[in-house]
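[1] next one to model:
(2 chains)
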Amino acid sequence: MAGTRYRPHEIEPKWQRYWQAKGVYRTETGSDRPKYYVLEMLPYPSGVLHMGHVRNYTIGDALARYKRMCGFRVLHPMGWDSFGLPAENAAIKHGQDPRDWTRSNIAEMKRQLRSFGFSYDWDCELSSCEPEYYRWNQWFFLRMWERGLAYRKKAAVNWCPACATVLANEQVVDGCCWRHEGTAVEQQERDQWFFKTTAYADELLNALEDLSDGWPDRVLTMQRNWIGRSTGTEVDFTVEGDGDAIRVFTTRVDTIFGATCLILAPLHPLVDRFGFGDRGQAMATAAATKSPDDLEKEGFFTGRYAVNPYSGRKVPIWVGNFVVMTYGTGAIMAVPAHDQRDFEFCSKHGIDIVPVIRPSDGALARPDDMEEAFCRYGIVEDSGEFSGMDSAAAIARMSDHAEATGFGNAAVTFRLRDWGVSRQRYWGTPIPMVHCQECGVVPVPDADLPVLLPTNVSLTGTGESPLREVHDFVQVDCPECGRPAERESDTMDTFVDSSWYFYRYTDARNSLAPFDSATASKWFPIDQYIGGVEHAVLHLIYCRFFSKVMRDLGLIDWDEPVQRLFTQGMVIRDGRKMSKNLGNVVSPEELLDKYGSDTARMFSLFAAPPDRDLDWQDESVEGMWRFLSRVNRLVARHADTGAEASAQPTLPADRAALRKLHQTIDRVTADFESRWHFNTSIASIMELTNELYARENALSNGVIQECLRGLVRLLGPFAPHLTEELWHALSGTGPLLDASWPKYDADLARDDNVQVVVQINGKLRDRLTVPKGLPKDQLSELARQTDRISTLLAGKTVHRVIEIPDRLVNFVAR
RNA sequence: GCUGGAGUGGCGGAAUUGGCAGACGCACUGGACUCAAAAUCCAGCGCCCUUCACUGGGCAUGAGGGUUCGACUCCCUCCUCCAGCACCA
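    Residues are numbered from 1 along each chain as shown, chains lettered A, B, ... in the order given. Modelled structure (predicted):
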């Protein structure tokens, strides 16, 4: 029975118990209803739900409920990204076991999620720190190893002193750690495991085009930039004296006759060979700790020369701090006349400037007059047989020439690097590899998976993997020769865990495989993925890479896992992102205690369109509480009347109420189907509520029942507890999710009369109420006859009449 | 520097296709109810001018220009803010 007071703290737990007892959110399988997979990014179990989570899950939950009511079978799962540093740091700080800490956080967060009433099917819950899950990380690692997609190499890697571990390139932000703003990332040489993401660089880039319908432009652009494909030419310069070649990559081979020196990256192997290894190291370290803006271009001459294969010109070999080892070939040709950075470097160090490109409408610059490089395309000069060509033609011909002569070729370079997955930390998936003196690097056989993460490890946070000290773990027999060997002690980046988890949801208890392909194919691709934009180039590239690998392993037969992606905005308060550090957080728990979850959900959807940042204002939450109370009171007054719902108008006001109802159905449905501007959906439901309040006593019983049932169902995806309560009171049945989404009736929604605006010379002068659909000439005739218009038009000549039926008449008059 | 997004009342925001700018909500003001308060209900609420009042008029969507009968919306120039990328050769 609906009470007259809105009491969320009574009804919310009641209906949560009811949903759980009835198994309302269990995923429906084996029906022929169309599928819909709605997924929210899984949280790290920090133990505290914050407003960002609530916003994310409220959007997903509204969509899941809407689709359910529209007749889809919906997969709406939730899990835990439960490996990672905070657990380990808590262990170091408070001496707590990471496993216990994580599990109790999960229990707490799950309780919070349940108290919000999100419609998750907890039967597919997964937690990445459990062996049942992470054994499949290891399984994927072995498959990638077999295909050469997982490999080990010594490399300069990003080292965060605060995390005491290595970071992937994607985890370095402005030269600092993504978790430790202000902690500069250092470069260290280490043996590391990598996943060969670059093997799919072209495909990852090209497939972005297919995603353009369902993914935000912002994310597509970010990924495009991150992959950073650029086309150019690779050219060998021969080192004088020892016949070695230095290969450079350039996008402007047309300028190569103007190359006046070569510049090597400080960590280029030749720098060491020339005897400047230490100096190069020092330079690399100094450069890595500064942002590009503050870095003066510095360098030194190696005393060696190389020969330009096109011109035969002998050029000095320098080392420069602005040349990056990890891009292109780690060496560049400097063309100071046509590249601004080279210009600055060469001017500073007294290296020749030789212009070879002139503007198509001008003359070749004189080196002494140049104040900056001329970087645009133009006409090639002083370049032997290529002189006189325009840049584009020269680039093509010169690349061909390099290839024909054998000193180079056209080439494509990517900014994307292979994904470094080694972490020198405890709380992650053990890498399933063994190092044997005899056999080298040997994979752990499938039959021996999972390689269990040992317990009772002493955690110090010193920088070496804590697992190195666990002798039972490290000392193993070589799987190949049986002799004593050492287990790999690095663990995997936790982004490995989240790269494929959404497949596991479809078959979460499978102990024979990561998932069953046939089962997954019943749900994939993910119809709608929802999460924060901060994962645009981390998770969202890694998971695309994983899907491509899985496809090549024959596990799936599609290319992309996520059909549509939605990135929600941040929650802001006092102009800043809500964060514990800034002390401006609103805890969802507080909100729950004060208003209940429906109010919190409604507000987080109403305050801003979901893709924009949400400005949190405490007073506005109060307004949402008032609205729900209003709905509750309205429905309570008409529940239990025994009246049947009827869409037949009998009283004069009935027609208007039904019209408003169907106009609202139209708007809310449209918002779900296209724009996702739930703030306007809720606004229109408020309008409907206001209208019903205003007409309440003038409506027939049948029509008011009809309108209320419509109202409650429209509100259902946003405020599930209150509407469940009201739906039971109105209809005597439930759950509301089994009720169908209200059907829009265009006839009922149609206005009989419309207000038409009358303008003179584009200025609003009068309004007119006319029957809808009134033809053009009749409309302007009526408009002309009104008192105001006829007065204003008197003595003027009407040159033109613009008529938009049902909207406006504009007299152009003088 | 490059790329993407945004700029509308005191505030969050609306205007879906070039057609009434400010829906809906917050805050505020006034009224009703009440012994009183809370809650609730009703009304008002961009700026300026005009009128005792009814009213009437002008201005206004970051700035300036353009296209159009008509521009928050399209085009050009510029400013500010947010985000991402960046000696990427």
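[2] rest of the way, CA atoms for contacts and neighbours
    Fine.
[3] so the residue in the stretch 1-150 of chain A positioned nearest to RNA strand B, which state does it fall into?
    For the stretch 1-150 of chain A, the residue positioned closest to RNA strand B under C-alpha to the nearest atom of the strand is residue A:5, at a distance of 8.6 Å. Put simply, residue A:5 is coil when judged by DSSP: H, G, I helix; E, B strand; the rest coil.
[4] my guess is it contacts residue A:632, does it?
    Yes - with contacts counted by C-alpha atoms under 8 Å, residue A:5 reaches residue A:632, the gap being 7.3 Å.
[5] neighbour count: these two, which is higher?
    Taking other C-alpha atoms under 10 Å, residue A:5 and residue A:632 do not tie; residue A:632 has more neighbours (22 against 11).
[6] in contact with whatever residue of the stretch 101-250 of chain A ends up closest to RNA strand B, which residues?
    Proximity of the stretch 101-250 of chain A to RNA strand B (C-alpha to the nearest atom of the strand) peaks at residue A:250, 2.7 Å away. Shown in contact with residue A:250 (C-alpha atoms under 8 Å, 6 or more residues apart in numbering): A:232, A:233, A:234, A:332, A:333.
[7] what's the answer for residue A:621, then?
    Residue A:621 makes contact with A:599, A:600, A:603, according to C-alpha under 8 Å, 6+ apart.
[8] hmm, try it at 10 Å
    Contact analysis of residue A:621 by C-alpha atoms under 10 Å, 6 or more residues apart in numbering lists A:591, A:595, A:599, A:600, A:601, A:602, A:603, A:604, A:606, A:607.
[9] how about residue A:189?
    Counted by C-alpha under 10 Å, 6+ apart, residue A:189 has contacts A:153, A:154, A:155, A:156, A:157, A:158, A:159.
[10] output those residues as TSV; include the columns secondary structure.
    Output for the contacts of residue A:189, formatted as TSV (three-state DSSP):
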residue	secondary structure
A:153	strand
A:154	strand
A:155	strand
A:156	strand
A:157	strand
A:158	strand
A:159	strand
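[11] so which of those sits lowest on pLDDT?
    Note: of the contacts of residue A:189, the lowest pLDDT belongs to residue A:156, at 72.
[12] restrict the contacts of residue A:250 to those near RNA strand B?
    Of the residues in these, proximity to RNA strand B by C-alpha under 7 Å from any atom of the strand holds for A:232, A:332, A:333.
[13] among these, which ones are buried?
    Burial by neighbour count, 16 or more other C-alpha atoms under 10 Å: within those this picks out A:232, A:332, A:333.
[14] where is pLDDT lowest across the residues you listed?
    Least confident of these in the model: residue A:232, at 91.
[15] what's across from it in the sheet?
    residue A:411 (DSSP bridges).
[16] how is chain A divided into domains?
    What the record gives for chain A is the domain set A:33-127+A:199-226+A:494-568, A:136-196+A:419-492, A:230-413, A:618-748, A:753-813, from automatic domain parsing.
[17] Throw those into TSV and include distance to residue A:582, thanks.
    Converted to TSV, the domains of chain A look like this (distance: least, C-alpha to C-alpha, whole Å):
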stretch	distance to residue A:582
domain A:33-127+A:199-226+A:494-568	14
domain A:136-196+A:419-492	14
domain A:230-413	25
domain A:618-748	17
domain A:753-813	50
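[18] RNA strand B contacts on the stretch 101-250 of chain A?
    Taking C-alpha under 7 Å from any atom of the strand as the criterion, the neighbours of RNA strand B within the stretch 101-250 of chain A are A:170, A:173-174, A:217-218, A:221-222, A:225-226, A:228, A:230, A:232, A:249-250.
[19] so of those, which ones are in helices?
    A:217, A:218, A:221, A:222, A:225, A:226 (DSSP state H).
[20] any chance of TSV for these, columns neighbour count?
    Output for those, formatted as TSV (neighbours: other C-alpha atoms under 10 Å):
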residue	neighbour count
A:217	13
A:218	12
A:221	13
A:222	13
A:225	15
A:226	19
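[21] closest to residue A:617 among these?
    Closest approach to residue A:617 among these (C-alpha to C-alpha): residue A:218, at 27.3 Å.
[22] find me the pLDDT at the closest one, would you?
    84.
[23] surely it and residue A:565 touch.
    No - using C-alpha atoms under 10 Å, residue A:218 is not in contact with residue A:565, being 11.1 Å away.
[24] so what sits against both of these two?
    What both residue A:218 and residue A:565 touch, as defined by C-alpha under 10 Å, 6+ apart, is the set residue A:533.
[25] report the contact partners of residue A:138.
    Here residue A:138 is in contact with A:144, A:429-433, A:444, A:446, A:449-451, A:492, A:496 (criterion: C-alpha under 10 Å, 6+ apart).
[26] where do the strands of the stretch 401-550 of chain A begin and end?
    A:408-413, A:419-420, A:422-423, A:433-436, A:440-443, A:475-477, A:484-487, A:491-492, A:528-532 (DSSP state E, counting those that start in this stretch).
[27] of those, which is nearest RNA strand B?
    The minimum distance between RNA strand B and those falls on strand A:408-413, with 7.3 Å, by C-alpha to the nearest atom of the strand.
[28] ok, longest helix in chain A?
    helix A:618-638.
[29] follow-up on the earlier one: ok, what's across the strand from the residue of the stretch 101-250 of chain A closest to RNA strand B?
    residue A:233.
[30] could you do residue A:811 as well?
    Beta bridges link residue A:811 to residue A:760, residue A:801, judged by DSSP bridges.
[31] please report the distance of it from residue A:145.
    76 Å (C-alpha to C-alpha, to the nearest Å).
[32] which one of the two has more residues nearby?
    residue A:811 (23 against 18).
[33] so what's that one up against?
    Residue A:811 makes contact with A:758-763, A:780, A:783-784, A:789, A:793, A:797-803, according to C-alpha under 10 Å, 6+ apart.
[34] just the buried subset of those, written out for PyMOL, thanks.
    Listed next is the PyMOL selection for buried residues among the contacts of residue A:811, using 16+ other C-alpha under 10 Å:
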select buried, chain A and resi 758+759+760+780+783+784+789+793+801+803
